[in-house]
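> I would like the atomic coordinates for the input below:
(2 chains)
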There are 2 protein chains.
Amino acid sequence: MSPAPASLPTPTPDPALPARVRVHEVGPRDGLQNERAVVPVEVKAEFIHRLADAGLTTIEATSFVRPDRVPQLADAEDLWPRLADLPGVRLPALVPNARGLDRALALGVREVAVFASVTESFARANLGRSVDASLDMFAPVVTRATDAGVPVRGYLSMCFGDPWEGEVPIPRVVAVARRLLDLGCAELSLGDTIGVATPGRVTALLAALGDAGIGAERLAVHFHDTYGQALANTLAALRYGVTTVDASAGGLGGCPFARSATGNLATEDLLWMLRGLGIETGVDLDRLTAASLWMARHLGRPSPSRTVRASAPEEA
Amino acid sequence: MSPAPASLPTPTPDPALPARVRVHEVGPRDGLQNERAVVPVEVKAEFIHRLADAGLTTIEATSFVRPDRVPQLADAEDLWPRLADLPGVRLPALVPNARGLDRALALGVREVAVFASVTESFARANLGRSVDASLDMFAPVVTRATDAGVPVRGYLSMCFGDPWEGEVPIPRVVAVARRLLDLGCAELSLGDTIGVATPGRVTALLAALGDAGIGAERLAVHFHDTYGQALANTLAALRYGVTTVDASAGGLGGCPFARSATGNLATEDLLWMLRGLGIETGVDLDRLTAASLWMARHLGRPSPSRTVRASAPEEA
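Residues are numbered from 1 along each chain as shown, chains lettered A, B, ... in the order given. Got it, this is the predicted structure:
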């Protein structure tokens, strides 16, 4: 007997967890950016519409990076007008620098994000400069955006471990978080970029940030499932009071040429847990799963989301 | 940059969690039983030895089912003597009925398990009789085993959801648990056979069992990862005080012909979390991963364990 697509049991709330969570959907940007084969702009636009139809209210749409650096996202100017009929949906876009912000503001993007690194190694590898120099680069970006009424999310990558440096000291994360808030960021997303975190460390980091005056209400968590820890880590973060969780529809992300490099926490697996816990998100799991299956068919390979696979075993 | 095989960060204990967990490894029995191609007995014996070498101290070795029903496990009599050099390792075996117990006792098996169903539908599908009738069938099995000094573990399948009946009422689980303990079972393993559970429900079931006088010290949890919930559910069970966790090396299990039917919680993913939380298990994760990779090569397909895949991306 193989497990049939199952319906969720009646929710069993846990009073120690929040009543509502905002899912910050990163599939179209963080999920697709590593796809080598460029996804046509019409497909991206339809994917985002399907995600919005499923009830997602924050969908990170694209990134204004240099087109020659990330060909997958070179269509940002083409994509943006196709999303004009989604006024009720927050559609943040990543801006790597002042030039990216110019492009975003020219299009009327209403929310942006900057992508900082906690570690020197990743700052140099990804941003070509030190942590301090990259924060100096972001300073005028954040100022100009906020002056224009555009709130800025600050991503902190490598908050738990770094492939070159190993374990990342918590005070380093707190220092970069403090700096990003001082620059004017409205929200911080704590990234476990290589997926090594475990729940105790998550709680310890959140507690250290709390001690530094950075409460859960300004924080999001962004876990990768490289070692299968993403959902357990999310549960620890919810228990601490975090109510914004980054996830990627269908588990999009990671490198398609290294099957081991699993990507972001799958939004569907997150929603299964949240619904089971009676935590409101406003998202329809069935419609979201259908959107992810649609995208998986376009990409030509099964979704890494367990929930998506279990819901459509004939396609997995 | 792809995430390199990473070393675990320094453990960050959580005082609300147990200091030590016993991993009940089910890969050789629960993991392999669904493999259609029969694994040679020498391979099974070497796999179990490799698991023991990794530090696992409880390894469910086989099942004394009817050979024509489960050809994969028809070699139990051949396998058992090959494990004689593992005296420090607990090697329980499943016995479906009195005939199976006869076979196990004749070989000198020192621990056995019976596999009960909480739901009528699965009892009829899997055991060919009602829940009551199956418990009646187990009664003399448990009595004879315990009289022979052989402790009996009672598996409860479908503790959270059932593919025919949907949600499973908690009082039904409590009633079957009570009955199995009254029969003389030394330990109960609570199975989420179709993987639908979420952490709040896990806590609620454990609390209901506690209210009925069945404490965490007599309980194990057995989660399937069908919807990606297994590790988060395990974390909830640990928080409640459960210290015995069933897992399958490399995530073996599920049906090889339905890729969606993911199997048991992968022992490696469990160990990554437990090590990160500073919870002692006595198991060497690197050696266990090597054993699972060895088995995956034999089976000819990658391990579903995220940790195993991340640790050997060239084989994933």
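
> where does the stretch 201-316 of chain A dip in pLDDT?
A:254-262, A:315-316 (pLDDT under 70).

> what does it put close to chain B?
Taking Cβ under 8 Å from any Cβ of the partner chain as the criterion, the stretch 201-316 of chain A approaches chain B at residues A:201, A:203-204, A:224-229, A:231-232, A:234-236, A:255, A:258-262, A:266, A:269, A:272-273, A:275-278, A:302, A:305-307, A:309-310, A:312-313, A:316. No exception for glycine: its C-beta is placed from N, CA and C like everyone else's.

> filter the residues you listed down to the buried ones.
Buried subset of these (neighbour count, 16 or more other Cβ atoms under 10 Å in any protein chain shown): A:201, A:203-204, A:224-229, A:231-232, A:234-236, A:255, A:258, A:260-262, A:266, A:269, A:272-273, A:275-277, A:302, A:305-307, A:309-310, A:312-313, A:316.

> who are the neighbours in contact with the residue in the stretch 201-316 of chain A that chain B sits nearest to?
Closest residue of the stretch 201-316 of chain A to chain B, Cβ to the nearest Cβ: residue A:276 (2.5 Å). Going by Cβ atoms under 8 Å, 6 or more residues apart in numbering or on different chains, residue A:276 touches A:8-9, A:11-12, B:196-201, B:229.

> just checking, residue A:135 touches residue A:179?
Yes: shown here, residue A:135 and residue A:179 form a contact pair, counting by Cβ atoms under 8 Å, at 5.3 Å.

> out of those two, which sits in the busier spot?
Neighbour count, other Cβ atoms under 10 Å in any protein chain shown: between residue A:135 and residue A:179, residue A:135 has more, with 23 against 19.

> what's near enough to touch that one?
Counting by Cβ under 8 Å, 6+ apart, residue A:135 touches A:116, A:176, A:179-180, A:183.

> check those and tell me the two furthest apart.
By the measure Cβ to Cβ, A:176 and A:183 form the most distant pair in the contacts of residue A:135, at 10.6 Å.

> which one of these two has more residues nearby?
A direct count of neighbours by other Cβ under 10 Å for residue A:176 and residue A:183 places residue A:176 higher, at 25 against 20.

> dump the residue contacts of the more buried one.
Applying Cβ under 8 Å, 6+ apart, the residues near residue A:176 are A:116-118, A:131, A:135, A:156.

> export these to JSON lines and tack on distance to residue A:74?
Output for the contacts of residue A:176, formatted as JSON lines (distance: Cβ to Cβ, whole Å):
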{"residue": "A:116", "distance to residue A:74": "23"}
{"residue": "A:117", "distance to residue A:74": "23"}
{"residue": "A:118", "distance to residue A:74": "28"}
{"residue": "A:131", "distance to residue A:74": "28"}
{"residue": "A:135", "distance to residue A:74": "27"}
{"residue": "A:156", "distance to residue A:74": "26"}
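
> show me these that map onto strands.
A:116-117, A:156 (DSSP state E).

> would CSV of those residues with neighbour count be doable?
Shown next, in CSV, are these (neighbours: other Cβ atoms under 10 Å in any protein chain shown):
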residue, neighbour count
A:116, 27
A:117, 26
A:156, 24
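
> rewinding a little: among the contacts of residue A:135, which ones are in helices?
Applying DSSP state H to those, the entries found in helices are A:176, A:179-180, A:183.

> hang on, the earlier thing: and the ones in strands among the contacts of residue A:176 near chain B, which?
Answer for the ones in strands among the contacts of residue A:176 near chain B: none qualify (Cβ under 8 Å from any Cβ).

> which of those sits closest to chain B?
residue A:117 (11.6 Å).
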